[in-house]
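Q: Mind looking at a prediction? Sequence and model below.
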Amino acid sequence: MVPVPRLTVETVALDTIGPLVKLLDPRDPLLFIRRGQGIAGIGEAVRLEFTGPNRMTDAAVAWRSLVADADITDAVGLPGTGLVALGSFAFSEHSAATSVLIVPSVIVGKRDGVSWITRVNSSAAVPVPTVFGPEYRISLLPGQMTADAFLAAVDTAIAAIRNRSVSKVVIARDLLGHLPEGADLRLVLASLALGYPDCFTYAVNGLIGSSPETLVRVDRGSVSARVLAGSMGRGADAEADHDAAVTLATSTKDLDEHQYALASVMTALQPHSSLLAASEQPFTLKLPNLWHLASDVEGTLTDGSTSLDLIAALHPTAAVAGTPTTSALALIDELEPFDRGRYAGPVGWVDADGDGEWAVALRCAHVSATGRITAYAGAGIVDGSEPARELAETKMKFRPVVEAFG
C-alpha cells in the first residue's frame, strides 16, 4: 500500500447550490446522488486500490487506518459530511479490474435542504457550475456476448438448473462503443439523473450508471437494504401497465427468483443484527421503463460493523450472482466470455464513522481512459425461464445507458 498523507478535513455549510452534476470534472466525474441529493467530488486527495478475494475487507481495514490518523472538523453533521470516500468494487475476486476508494480534494453535497462543502488538505474555493460540452450521440453495439450467444448461455443455465447444479444464476451480456475525444461525461450523468431520479446516479473511476438497488445503507447504527429481483416491462397504456404489474406480482417464476435474492441478503445480515425485518410480501416498484419486485430490509447493527464490512458480507447477492453462490459464480465464469469488471459490484460512499450508502452497480457502463465504453445488463435465470424473454429483459435494462449515451 502506497503511504498516504495525514488528512486535514473541514466541512462547513453553504448557501443553497444548484445541480451537483454541473460542478464535476467533465472527464473524470465523482458522484453519488438520488433525487438530486448526495455528494459530488472534485479532485483527488487520496486513492486506495484493492484487488483479489479480500478487496472489501482490505478496504475496511485501510479506511479505519486512514480515518484514525485524520484531523476532522465537521460543522454540519449529516450523512455524507466530514471525511468521505467514494468507492467502487470489482464483481469477481478474479477480476482484472481494480477496486478503489477515492477521497476527493473537495466534496460538495446537499441533503434535506442543507448544502455543504468539505475540503481535504485543500483551501480551494467553492466550485462553480460550468457549461456542458458539445452534445454527442453514440450507438452501443453488441460486444463479446451477442444475442445468439446469450440465448445459448441461458439454455445451458436452464439445463444446469434442471440438473439441480444451481437454483438460480444471473447471466449478463455486454454492449460496446467509443467516446469521442474530449467528450463531457456530465451529459450522460445529467440524462440518467433526469430520467431516473429515484435511482442512484453514480460516477466513480470511469464507472457510470443509475442503479435502482440499494445494497446496504448504514446510518448511526441502523442498517437497511432494498432487494430487487424479478422484472417486467412497463405497459403501453395505463391498463396494460396495471396488467403488467399484476402479472409480475403473481408470477411464480419471478417470485421464486425474488425469494432467492431476499434470502441471500437476510442470511448475510443476520450475524450483524439481532433485530432484522423484511417486507412481508414483495411490492412492485415502478421505474420509467420497468416494473421490479422489491423488498425492503431494515435492522439495528449489534456488532459495530461498518458499511464496508457489510458490503463484504453481502456481496455477491443472489440478485446479481445466483444461488448457491459458489456454483452460480462458477457457471457465470463458464458462460460469460468477459470480465464483468465493476459491473454488479458495490458502488457508493463511506464516511469516517463507517456509515455509508452503497448501491449495486447496475444499469451502468465503464468508460476506459482511452474512451472505450462497455455497458452491461443481466437477467436472473431460474426454473421456468424462457431464453427469449430473458433477452428482452436485458434489452430493457440496457435502455437507461443506451439512451444516455445516444
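A: Everything's here; your move.
Q: Work out for me the element Ser191 sits within.
A: helix 186-195 (DSSP states H and E).
Q: what comes into contact with that helix?
A: With C-beta atoms under 8 Å, 6 or more residues apart in numbering as the contact definition, helix 186-195 has outside contacts at 19, 21-22, 24, 26, 29, 31, 33, 36, 132-133, 135-136, 199, 201, 203, 208-210, 288, 363, 400-401, 403-405. The C-beta positions use only the backbone N, C-alpha and C, and glycine is treated the same way.
Q: Settle this for me: Gly143 is touching Leu176, isn't it.
A: Yes - using C-beta atoms under 8 Å, Gly143 is in contact with Leu176, at 4.3 Å.
Q: Comparing the two, which residue is more hemmed in?
A: Under the criterion of other C-beta atoms under 10 Å, the comparison of Gly143 against Leu176 puts Gly143 first, with 18 against 15.
Q: low-scoring pLDDT stretches of the stretch 201-350 of the chain, where are they?
A: Regions of the stretch 201-350 of the chain meeting the criterion pLDDT under 70 are absent.
Q: what about 80?
A: Counting by pLDDT under 80, the stretch 201-350 of the chain has low-confidence residues at 274.
Q: how about the strands in it?
A: 207-211, 214-219, 222-233, 273-278, 283-286, 290-301, 322-323, 346-351 (DSSP state E, counting those that start in this stretch).
Q: could those go into TSV alongside mean neighbour count and distance to Tyr376?
A: Formatted as TSV, these follow (neighbours: other C-beta atoms under 10 Å; distance: least, C-beta to C-beta, whole Å):
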stretch	mean neighbour count	distance to Tyr376
strand 207-211	26	9
strand 214-219	23	16
strand 222-233	23	16
strand 273-278	15	28
strand 283-286	16	21
strand 290-301	20	16
strand 322-323	28	16
strand 346-351	27	13
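Q: Please enumerate the helices of the stretch 301-406 of the chain.
A: Ranges of helices in the stretch 301-406 of the chain, per DSSP state H, counting those that start in this stretch, are 307-314, 325-335, 387-405.
Q: And the stretch 51-200 of the chain, by the same measure?
A: Under DSSP H, counting those that start in this stretch, the stretch 51-200 of the chain gives helices at 55-68, 147-162, 186-195.
Q: Who are the packing partners of the second one?
A: Counting by 3 or more C-beta pairs under 8 Å, 6 or more residues apart in numbering; DSSP states H and E, the packing neighbours recorded for helix 147-162 are strand 168-178, helix 325-335, strand 372-382, helix 387-405.
Q: The last one: which residues count as buried?
A: Of all the residues in helix 387-405, those buried under the rule 16 or more other C-beta atoms under 10 Å are 387, 390-391, 393-394, 396-402, 404-405.
Q: ok, of those residues, which one's closest to Asn121?
A: Ala404 (33.6 Å; C-beta to C-beta).
Q: Per-residue pLDDT of the closest one, please?
A: As predicted, Ala404 sits at a pLDDT of 97.
Q: residues contacting it?
A: 188-189, 191-192, 195, 210.
Q: Could you check the angle the helix holding Ser191 makes with strand 372-382?
A: Angle, helix 186-195 to strand 372-382, by axes from the mean of the first three to the mean of the last three C-alpha atoms, to 10 degrees: 30 degrees.
Q: Would you check how far apart the spatially most central residue of the chain and Gln270 are?
A: Centroid check for the chain by C-alpha atoms, centre = their mean gives Ala361 as the closest residue, at 2.6 Å. Distance check for Ala361 against Gln270: by C-beta to C-beta, to the nearest Å, it reads 24 Å.
Q: for Leu151, same thing?
A: 38 Å.
Q: and if you look at Arg35?
A: 30 Å.
Q: contacting residues around the residue nearest to Thr374 when sequence neighbours are not counted?
A: The shortest distance from Thr374 to any non-neighbouring residue, by C-beta to C-beta, 6 or more residues apart in numbering, is to His366 (5.1 Å). By C-beta under 8 Å, 6+ apart, the residues touching His366 are 206-208, 341-343, 373-374.
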